[in-house]
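A.B. asks: test case, fold it:
(chains A and B)
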Amino acid sequence: EDQVTQSPEALRLQEGESSSLNCSYTVSGLRGLFWYRQDPGKGPEFLFTLYSAGEEKEKERLKATLTKKESFLHITAPKPEDSATYLCDHLRGGTSYGKLTFGQGTILTVHP
Amino acid sequence: NAGVTQTPKFQVLKTGQSMTLQCAQDMNHNSMYWYRQDPGMGLRLIYYSASEGTTDKGEVPNGYNVSRLNKREFSLRLESAAPSQTSVYFCASGWVGELFFGEGSRLTVL
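C.D. replies: Predicted coordinates:
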């Protein structure tokens, strides 16, 4: 069954301590992989779409990369305001086209 | 530009009562979604509509019905509310996986 798995479940960083979040997938024929950020009490906010291995996208301190088996969300010199839950999922095809489900994600906490 | 608008933002129901959560988007998106989120848990997809005139079940559809009224509006109905449906409900719309979420509707069932 096509699925994505995120790790770690939680990550605590000191301000300025760079790290990466992982989203591994077993999808055959990836149509798109998406990263979102969710702050407590709010709906998720779209960050990136990646379509093919080798693709990279950046936004401020975040950079998303994609290989044939996984995607990484690299956070460079994080700040406390980067604290949030980060979610990934992939675009499904066939009769489930458009269906987007989210796992628990990675809870990132950045301490000052 | 309002984006995705959900009403009501807060609601308290008694067990067995019915209610409808309304969602409207002004971004001309084909796809619309209803999710629920419980404390300490991730988002769970209730129903989605890939395009006007179609609806499909998500992960947790039991106890809910939906109506895609037109391209802009997608409503979620609880016919007989149960305490297990106490949750925060998010509506979203989007295109090819890029979703925009509403502010959420906080529902308490007593």
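A.B. asks: and for residue 32, nearest residue in space, chain neighbours not counted?
C.D. replies: Let's take chain A. Setting aside the residues directly before and after it, residue A:32 is nearest to residue A:91 in space (C-beta to C-beta, 6 or more residues apart in numbering or on different chains), at 4.0 Å. From N, CA and C alone the C-beta is placed, and that goes for glycine too.
A.B. asks: not quite, I wanted chain B
C.D. replies: Of all residues not flanking residue B:32 in the chain, residue B:74 sits nearest, at 3.9 Å (C-beta to C-beta, 6+ apart).
A.B. asks: could you dump the strand or helix carrying residue A:71 to CSV, C-alpha only?
C.D. replies: Residue A:71 is part of strand A:70-75 when elements are defined by DSSP states H and E. Coordinates of each C-alpha in strand A:70-75 appear next as CSV, following Å, rounded to 0.1, in the frame of the first residue of the first chain:
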residue,chain,number,x,y,z
GLU,A,70,12.4,10.0,0.6
SER,A,71,12.1,13.8,1.1
PHE,A,72,14.0,15.9,3.6
LEU,A,73,13.0,19.2,5.1
HIS,A,74,16.2,20.9,6.1
ILE,A,75,16.0,23.7,8.6
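A.B. asks: residue B:95 touches residue B:30, doesn't it?
C.D. replies: Yes - using C-beta atoms under 8 Å, residue B:95 makes contact with residue B:30 at a distance of 6.2 Å.
A.B. asks: give me the distance between residue A:23 and residue A:53.
C.D. replies: Between residue A:23 and residue A:53 the computed distance is 14 Å (C-beta to C-beta, to the nearest Å).
A.B. asks: what about the two, which has more around it?
C.D. replies: Neighbours were counted for residue A:23 and for residue A:53 using other C-beta atoms under 10 Å in any protein chain shown; residue A:23 has more, 26 against 13.
A.B. asks: coming back round to it: next, the buried residues of the one helix or strand the residue nearest to residue B:32 maps to.
C.D. replies: Applying DSSP H and E as the criterion places residue B:74 in strand B:74-78. Residues B:74, B:75, B:76, B:78 are the ones in strand B:74-78 that count as buried (16 or more other C-beta atoms under 10 Å in any protein chain shown).
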